[in-house]
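quick one, what's the 3D model for this:
(chains A and B)
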Amino acid sequence: MSSAAAITAQNLVRSFGATAAVRDINFTIQRGEIFGFAGPDGAGKTTVMRMLAGVLQPDSGGIAVEGIDVIANPEAAKSKLSYMPQRFGLYEDLTVAENIFFYAELFSVPRKIRLARAGQLLEAAGLTAFQQRLAGQLSGGMKQKLGLVCALIHTPSVLLLDEPTTGVDPVSRRDFWAILYNLRESGVTIVLSTAYMDEAERCSRLALMHAGKIHYCDTPARLKQAMPGMLLAVTAADPRAVRAALAGAPGVLGLLLMGDRVNVRVDDAARRAPELRARLDAQNIAFTGISRIEPAIEDVFVALVGGGAPA
Amino acid sequence: MNPRRILAIAYKETLQVWRDPRSLAIALLMPLMQMVLLGYGISLDIKHVPLCLYDQENSQTSREMLRDFTASGWFKTAAILDSNRAVRAAMDNATCIGALVIPVNFSRVLAQTGQAQVQAVFDGTDANTTNIATGYAQGVIAQTAATFARRWDAQHGLRPPTAGSINLQSRVWYNETLDSRNFIIPGVVAIILALVGAQLTSLTVAREWERGTMEQLISTPVTSTELLIGKLSPYFLIGLLDAAFCLLTAAFWFHVPFRGSVLTLIFTTALFGIVVMGIGYLLSVRIHNQLGASQIALMLTMLPIAMLSGYTFPLDQMPAAIRAISFLVYARYYVTLLRDEFLKGSSLTEMASSIAALLAYAVAVLWLAARAFRKRLE
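Next comes the predicted model:
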C-alpha cells in the first residue's frame, strides 16, 4: 500500500437481497485528490460511500482509509474521516450552532479551536447570520452547507460526501465548491458522489459507475480523450426531429439530446459534418448550425458506459 | 468511554425533549394526570351501598333496626318502599343493589321467642360488591341483635353469661384505617414511572433512524456505551423528578403513611427507573420506528404492571401458574418494595430479596441495552 494513498478499496462486493449493488470494484484515491463517483441513480454510489464511511459492511473485499483497515477497525478509521450522507443527517430541532457544537464534542475538538474553526467555516458557508436558526428552518442549500461545516469541524483527513449538492441552489453550490477547493489546498482528501455530470467535471479524478461497477476511472481530461470519435453539435428548433433523422446515419456512433441541440458523436468530424448537413436538408429538417465541440463528461459517460444517460 | 461525548449526547437529547411537545407532555403532564386519575379514580372500598328499605311492620323496634343500618355508614337509603313488587322494580332499574325487608310480625315474634328473621336481598351481578355488602349487613345485624338480646335478657331477669363467651378484638396493622387508597397509591407510582420512562426512551433511538440522523451519528467515533449512557441519563433524571413528584403527592396529598427510609426509597426507585428505561431503549434500538417502539413499550410495561405486579389484583389470590409468571414481572418487586417502605416500614433485610431481584433486572437490562446497538446500517 503506497503511503500517498488516502483510500484503497479491493474487490468490494455488496448485495441487498438478490440485488447486487456493488460488484467487485477496485480503486485507489491519492491524498489531496477530489475524487468523484459519477453515475445515474442506482449505480451503487451511495453503497460505496457508506462502505468507505464504515457504516455499511461489505459482503467481501477490503478498504483502507489512511492505512487503517475500515472493516476490521471501523472506529479507528472514523476518527480520520467525515461522512455526509445523502439524506440530511443533522438535527432539525437543533440550531445551527447547537449542531456544530454537538459534532465538535463527538470528535473532542478543543473549545478554542472549535470557536475559531466554526467561525471560519460559517463565514465561508455564508451561515454566520443564521447560527441561532433551527436547522429544520434552513433552505436546502443552507442545510447542505451546514452539513459540510459539521463534517469539517474536526479537521478530518478524508471527507466523504454523498451527492452533496443534490437539490442545492447554484449560489450555495458555488459556496460549497469554494470550501472544497480550499480544503484541498490544505491537503484534505475529498471523495464525493454525484449524478450531475457538470459537477463531476470539477473533480481531479473520476470513476464512472454504472450498475455496481466502475467502468472507467481517470482524470476528466483523459476520460474525454478516451472517448472514441469526435463530437458535433447540431442546434435546431426541434432537436428531437434531428435526432430521429440522424439515427443510423453512416459514421454516427451516438446521439445525445441536450436541450436545444443534439450532440452527435461521429468517427470523423471533418468528413461527416457535410454529410449530416445534406441528410438533414434532404429530409427537410430545419437546423441552425453544425459545429465541432469538445466533449463534456456527460458525452463521455454515454459514449463509454452507455446505458441510460445520467442527469 | 469519553465523558465529553456522553455529555454532548445528553445535552442534545435534553434540547430535543425540551423542544418536542409530545415528549414534554409525557415527561411533565403524564405524572400529574395519572396521579389524579388513578389516585382519585381507583378505590376498592365500598361505602354508602344504596339500600332499599321495605318495613312491613313499621314498629319502634323495626325502625330501630333500620336506623342502625343507615347509621353504620356502609349503607345509604336509596328508597323506602311499600311492596314486594316495588322491591323487584327498584332492583331491576338499579335504584339500589340491595333491599332490606322487615316482616310484618317482626317485633312480636322477637318479643315472644327472642328470635326473629329479617330478609336482605342483594343484586349478585357484581359478585365482589355483593359479597362485601352482605358482610356489612351481617355485621350490622349482629350488633343490633346483641343490643336486642341484652334488652330481652334484662326484661326477663336473666343475667348475661359471664363465662364461656369469646370476644374478638380485631386490630388491623400497616393500614389501620383499611383504606384501599393506601394500598393502591404506592403502586400508582410504579405505573407512572414505567409509563413515562419506557415511553420516552422508546422514542429516543427510533427517532434518529426515522429522521435520518442515525447514519451521520454512526459515522462518528461515538461508542454504543456512550450512546446508551448519554441518551438515558436525561430521561433518568426526568424519571426521578417525576417519581419524586408522585411519591411526595402520595405522602403529602393523599396522606399515605410513609414509614420506611427515604434513602432506600430513592435507591429502589432508581433501580426500577433503570429497568423500565433500559427496556424502552432496547425496543427503540431494535425497532427503527417511533410509533411501533412506543406501542410495544406500552404493552411490555403497562399491561404486566397493571395485571401482574399486585398493584390492584392481589397476587396471592391468583392461580399458581399465573403467580409464577408474576415473578418475571420486574414491577412486582418494586410494588412490593413501595408498600414495604410506605406502609410497613420494613427493614433492609426484609426487603433484601426484592431489592436483589430488581438489581439483577437492572444489570441484565443495561447489559443487553449496551450490546443491542449496532453501529451499522443493515
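
now the residue of the stretch 1-150 of chain B found nearest chain A. Nearest residue, chain neighbours left out?
Of all residues in the stretch 1-150 of chain B, residue B:8 sits closest to chain A, at 3.4 Å by CB to the nearest CB. For the C-beta atoms, the positions are set from N, CA and C on the backbone; glycine is no exception. Spatially, and ignoring its direct neighbours in sequence, residue B:8 is nearest to residue A:105 (3.4 Å; CB to CB, 6 or more residues apart in numbering or on different chains).

got it, and residue A:85?
residue B:215 (4.3 Å).

wait, that neighbour touches residue B:377, no?
Yes: with contacts counted by CB atoms under 8 Å, residue B:215 reaches residue B:377, the gap being 6.6 Å.

the two: which has the busier surroundings?
Each of residue B:215 and residue B:377 has its neighbours counted (other CB atoms under 10 Å in any protein chain shown); residue B:215 has more, 21 against 16.

name the helix or strand for the more buried one, please.
helix B:214-217 (DSSP states H and E).

who touches that helix?
A:50, A:55, A:83-85, A:87, A:89-90, A:147, A:150, B:205, B:208, B:227, B:377 (CB atoms under 8 Å, 6 or more residues apart in numbering or on different chains).

what mean pLDDT does that helix have?
For helix B:214-217, mean pLDDT is 93.

following it, which helix or strand comes up?
Using DSSP H and E, the helix or strand that directly follows helix B:214-217 along the chain is helix B:224-248.

quick one: buried residues of that following helix?
B:224-236, B:238-240, B:242-243, B:245-247 (16 or more other CB atoms under 10 Å in any protein chain shown).

what count of nearby residues applies to the residue lying closest to residue B:296 once chain neighbours are set aside?
Nearest residue to residue B:296, sequence neighbours excluded (CB to CB, 6+ apart): residue B:283, at 5.5 Å. Residue B:283 has 26 neighbours, counted by other CB under 10 Å.

tell me the buried residues in stretch A:25-41?
In stretch A:25-41, counting by 16+ other CB under 10 Å, buried: A:25, A:27-29, A:31-40.

would you mind giving those residues as JSON lines with distance to residue B:370 added?
Formatted as JSON lines, the buried residues of stretch A:25-41 follow (distance: CB to CB, whole Å):
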{"residue": "A:25", "distance to residue B:370": "35"}
{"residue": "A:27", "distance to residue B:370": "37"}
{"residue": "A:28", "distance to residue B:370": "38"}
{"residue": "A:29", "distance to residue B:370": "35"}
{"residue": "A:31", "distance to residue B:370": "37"}
{"residue": "A:32", "distance to residue B:370": "40"}
{"residue": "A:33", "distance to residue B:370": "39"}
{"residue": "A:34", "distance to residue B:370": "40"}
{"residue": "A:35", "distance to residue B:370": "37"}
{"residue": "A:36", "distance to residue B:370": "39"}
{"residue": "A:37", "distance to residue B:370": "36"}
{"residue": "A:38", "distance to residue B:370": "41"}
{"residue": "A:39", "distance to residue B:370": "40"}
{"residue": "A:40", "distance to residue B:370": "42"}
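
in strands, which of those residues fall?
Residues of those located in strands (DSSP state E): A:25, A:27-29, A:34-38.

among these, which pair sits farthest apart?
A:25 and A:34 (19.0 Å; CB to CB).

sorry, back to before: correct me if wrong, but the residue of the stretch 1-150 of chain B closest to chain A is in a helix.
Yes: assessed with DSSP: H, G, I helix; E, B strand; the rest coil, residue B:8 lies in a helix.

all strands of chain B, in order?
Using DSSP E, the strands found in chain B span residues B:49-55, B:75-81, B:98-102, B:119-122.

and the angle for the third one with strand B:49-55?
With axes from the mean of the first three to the mean of the last three CA atoms, to 10 degrees applied, the angle from strand B:98-102 to strand B:49-55 works out at 20 degrees.

return the distance of strand B:98-102 from the chain's centre.
Averaging C-alpha positions (CA atoms, centre = their mean, to the nearest Å) puts strand B:98-102 33 Å from its chain's average.

contact residues of the stretch 51-200 of chain A facing chain B?
Applying CB under 8 Å from any CB of the partner chain, we find that the stretch 51-200 of chain A lies next to chain B at A:53-57, A:74-75, A:78-79, A:81-85, A:87-94, A:98, A:101-103, A:105-108, A:147, A:150.

neighbours of the residue in the stretch 101-250 of chain B positioned nearest to chain A, just the number please.
Residue of the stretch 101-250 of chain B nearest chain A, by CB to the nearest CB: residue B:216 (3.0 Å). Per other CB under 10 Å, the neighbour tally for residue B:216 reads 25.

same check on the one 3 residues further on?
Residue crowding around residue B:219 was assessed by other CB under 10 Å; the count is 26.

show me the contacts for the nearest residue to it once chain neighbours are set aside.
Nearest residue to residue B:219, sequence neighbours excluded (CB to CB, 6+ apart): residue A:83, at 3.8 Å. Counting by CB under 8 Å, 6+ apart, residue A:83 makes contact with A:49, A:52-53, A:55, A:151, A:160, A:162, B:215-216, B:219.

ok but residue A:83 is inside a strand, no?
Yes: assessed by three-state DSSP, residue A:83 belongs to a strand.

related to what we said a few turns ago, distance of the residue nearest to residue A:85 from residue A:47?
13 Å (CB to CB, to the nearest Å).

report the strands that pair with the helix or strand hosting residue A:255, each with its relative direction.
Following DSSP H and E, one finds residue A:255 within strand A:252-258. Strand A:252-258 sits in its sheet next to strand A:261-266 (antiparallel), going by DSSP bridges.

domain parsing for the chain?
You didn't say which chain, so I picked chain A. Listed domain ranges for chain A are A:5-219, A:228-294 (source: automatic domain parsing).

nope, chain B
Using automatic domain parsing, chain B is parsed into the domains B:3-43+B:179-372, B:49-155.

kindly reformat the ones you listed as CSV containing distance to residue A:196.
Putting the domains of chain B into CSV (distance: least, CB to CB, whole Å) gives the following:
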stretch, distance to residue A:196
domain B:3-43+B:179-372, 22
domain B:49-155, 74
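
among those domains, which is the most enclosed?
Among the domains of chain B, domain B:3-43+B:179-372 has the highest mean neighbour count (mean count of other CB atoms under 10 Å in any protein chain shown), at a mean of 19.

tell me how far that domain is from the chain's mean position?
On CA atoms, centre = their mean, the centre of domain B:3-43+B:179-372 falls 16 Å from the chain's centre.

mind checking the end-to-end distance for it?
21 Å (CA to CA, to the nearest Å).

ditto for stretch B:304-315
12 Å.

so for it, mean pLDDT?
Mean predicted confidence for stretch B:304-315 is 78.

where along the stretch 1-150 of chain A do the strands fall?
For the stretch 1-150 of chain A, the strands defined by DSSP state E, counting those that start in this stretch occupy A:5-16, A:19-30, A:34-38, A:60-65, A:68-69, A:81-84.
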